[in-house]
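Asks: coords please:
(chains A and B)
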Number of protein chains: 2
Amino acid sequence: MLTVLRIGHRPQRDKRITTHVALVARAFGADGLVLVGDDPAIASAVDGVAERFGGDFQVTAVKGYRRSMKEWDGPVVHLTMYGEQLDDVVDSLRGKDVMIVVGAEKVPGDVYELSDHNIAVGNQPHSEVAALAVFLDRLFKGKELEKDFDGPMKVVPSARGKVVVEK
Amino acid sequence: MLTVLRIGHRPQRDKRITTHVALVARAFGADGLVLVGDDPAIASAVDGVAERFGGDFQVTAVKGYRRSMKEWDGPVVHLTMYGEQLDDVVDSLRGKDVMIVVGAEKVPGDVYELSDHNIAVGNQPHSEVAALAVFLDRLFKGKELEKDFDGPMKVVPSARGKVVVEK
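Replies: Residues are numbered from 1 along each chain as shown, chains lettered A, B, ... in the order given. This is a model prediction of the structure:
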């Protein structure tokens, strides 16, 4: 079981970035997204993708992050540019139930303490969307991209144009 | 020389996503971003990061994508969920000057034709930010995350909290 916990979401400002976080979580093999705060637009966007392309990815909403982090039964990792290097930690996480905490611009200090690991995907500022994708890609050693979502629509890899098979 | 060409940017809607694209390009080892359209906010955001954290990443603006793609001296690759699988192509690109084309939601049909390769980072819908990060991570085999940007500020990887060394 792999869940992404999205904290710091501001509906006015972060709608598209959080949607990208959710779609990356789904496409790169996580089972669900827990969104701290209330923004039905995120679940709606992801459900629209899942209806067409399959899978059973779930978006749920919670009021605060602390309880979710404390109650998670498995390693809680927080992705941050200040953390330990990904390759130093990732091997120890394989096969476990991992909660991956992904912040927006400002992350409260206790998130660093409530996490079992603070992990950096490079120590430069970039993007939580990218950090999540590369984390999951390394965790699953690239195999996540071969997952069959068994949806009504399926893209067939193609050198030119778009080839989509519909069931 | 590795350049990212960002097409389809709408300043009202895409400011934050395009900023993430630019920061990922910088952090994952590209030399610059060419932005189709005019939005000084993107260069400004990236320059702010580079002033603190170093490197010589450049953001430039052009009016259209066609000329940039046609005049590029090296492989032009377009990242799209409809493309060939990344692992089938990436080995052939190493050590070359690559232009990486990253679209927003709607990509004009001729982008597929003007590109030498249309490459998918998984065939599920997700995020151009994630696609770019994973593409560069595979291209550089993870070594890009070890790059020293030699900036005034440097993050020291840390299990807890934030450790930043200032020159």
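
Asks: so in chain A, which helix runs the longest?
Replies: helix A:11-27 (DSSP state H).

Asks: mean confidence score for it?
Replies: The average pLDDT for helix A:11-27 rounds to 96.

Asks: export it to PDB, keeping only CA atoms.
Replies: Only the C-alpha atoms of helix A:11-27 are listed here, as PDB (Å, rounded to 0.1, in the frame of the first residue of the first chain):
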ATOM      1  CA  PRO A  11      -7.400  25.700  -3.700                       C
ATOM      2  CA  GLN A  12      -7.000  29.200  -5.300                       C
ATOM      3  CA  ARG A  13      -3.300  28.700  -6.000                       C
ATOM      4  CA  ASP A  14      -2.400  25.100  -6.200                       C
ATOM      5  CA  LYS A  15      -5.300  23.400  -8.100                       C
ATOM      6  CA  ARG A  16      -3.200  22.500 -11.100                       C
ATOM      7  CA  ILE A  17       0.000  21.600  -9.300                       C
ATOM      8  CA  THR A  18      -1.900  19.300  -6.900                       C
ATOM      9  CA  THR A  19      -3.800  17.800  -9.800                       C
ATOM     10  CA  HIS A  20      -0.400  17.000 -11.300                       C
ATOM     11  CA  VAL A  21       0.700  15.500  -8.000                       C
ATOM     12  CA  ALA A  22      -2.400  13.300  -8.000                       C
ATOM     13  CA  LEU A  23      -2.000  12.100 -11.600                       C
ATOM     14  CA  VAL A  24       1.700  11.400 -11.100                       C
ATOM     15  CA  ALA A  25       0.800   9.400  -7.900                       C
ATOM     16  CA  ARG A  26      -1.700   7.300  -9.900                       C
ATOM     17  CA  ALA A  27       0.500   6.900 -13.000                       C
END
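
Asks: quick one: that helix near chain B?
Replies: Yes. Using Cβ under 8 Å from any Cβ of the partner chain as the criterion, contacts between helix A:11-27 and chain B involve A:13-14, A:16-17, A:20, A:23-24, A:26-27. The C-beta positions use only the backbone N, C-alpha and C, and glycine is treated the same way.

Asks: mind giving me the PyMOL select for these, buried ones only?
Replies: The buried residues among the residues of helix A:11-27 next to chain B can be selected in PyMOL (16 or more other Cβ atoms under 10 Å in any protein chain shown) with this line:
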select buried, chain A and resi 14+16+17+20+23+24+26+27
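
Asks: which stretches of chain A have low pLDDT?
Replies: Nowhere does chain A drop to pLDDT under 70.
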